[in-house]
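A.B. asks: Coordinates for the following, if possible.
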Amino acid sequence: LNILPDNFTIIRGLSLARQEIEIQIVAKSSRQNLYSRIQNNLVGLTGRCIIYCSGPNSCQEIFNNLHGNLTFSLGLYHGELDGEQRKIAIKNWQMGKIQIMIATNSFGMGINAPDVYLIIHTTIPLSMTNFIQEIGRAGRDGTPSKSIIFYSRNDIRTLFLIITRKEERYKYYFLYMYVINFIKSDNVLVYHKKMM
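C.D. replies: I've put the predicted structure just below:
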């Protein structure tokens with residue numbers, strides 16, 4: 001599939017009936033900057049939060065950084081945990097014992113809670129399908145909620161490398177162009193549309 005940037009159009013304003021989710025796309029300058037921004041967004045958190053990371057190592061880093069600095073109950077979920085650890089994490093989440101879950105996208109389908117009001121992506125999601133499914137966990141009870149994507153120029157380069165290597169690169173190209181459209185400057189940008 002040969003899609004040139006000049007032949008690509010972003011269509012906005014589609015009503016997908018999830019007006020309660022505000023989406024923010026925010027530049028990050030370093031890991032320390034990311035940790036600080038995550039902590040700032042957790043101040044005054046009501047309900048629960050899911051922090052999506054790119055891989056197990058990133059999950060562990062975020063968990064370790066937040067563990068000693070917050071009073072919230074934290075959970076960890078990724079594919080390198082053994083089956084029993086994952087079951088316990090899901091059970092504790094479903095029972096409301098975990099307020100903030102730090103996870104990869106393997107924390108996915110069928111894991112619902114009505115009181116999730118904040119979704120944080122520590123980097124650009126690799127697929128629009130995953131992104132929509134993941135932010136769709138917020139505001140299930142109709143409460144205004146927020147989804148924040150933290151990005152860096154390096155994240156964009158990494159995503160581009162993935163695009164150029166994958167056979168199904170058209171899926172990633174759309175996300176890449178979508179993100180590029182919103183991050184032409186390094187300013188914090190808030191985009192609130194009927195996304196879902």
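
A.B. asks: helices and strands of this protein: which one bottoms out on pLDDT?
C.D. replies: Taking mean pLDDT, DSSP states H and E as the measure, the helix or strand of the chain with the lowest value is strand 189-191, at a mean of 44.

A.B. asks: what are the phi and psi values for the residue nearest to the spatial centre of the chain?
C.D. replies: Closest residue to the average C-alpha location of the chain: H121 at 2.6 Å, with Cα atoms, centre = their mean. Dihedral angles of H121 (phi, psi; degrees, to the nearest 10) stand at phi -110, psi 120.

A.B. asks: which residues in this structure form helices?
C.D. replies: Along the chain, counting by DSSP state H, helices occupy 31-42, 56-67, 83-94, 128-135, 153-165, 169-182.

A.B. asks: what residues does the first one touch?
C.D. replies: By that I understand helix 31-42. 26, 28, 49, 51, 61-62, 65-66, 69-70, 72, 100, 118, 120, 122, 146, 148, 150 (Cβ atoms under 8 Å, 6 or more residues apart in numbering). From N, CA and C alone the C-beta is placed, and that goes for glycine too.

A.B. asks: show me where pLDDT drops low in this structure?
C.D. replies: Scanning the chain for pLDDT under 70 picks out 1-18, 109-110, 160, 162-196.

A.B. asks: ok so, going back, can you verify my assumption that the residue nearest to the centre of the chain contacts Y52?
C.D. replies: Yes. Between H121 and Y52 there is a contact at 4.9 Å, judged by Cβ atoms under 8 Å.
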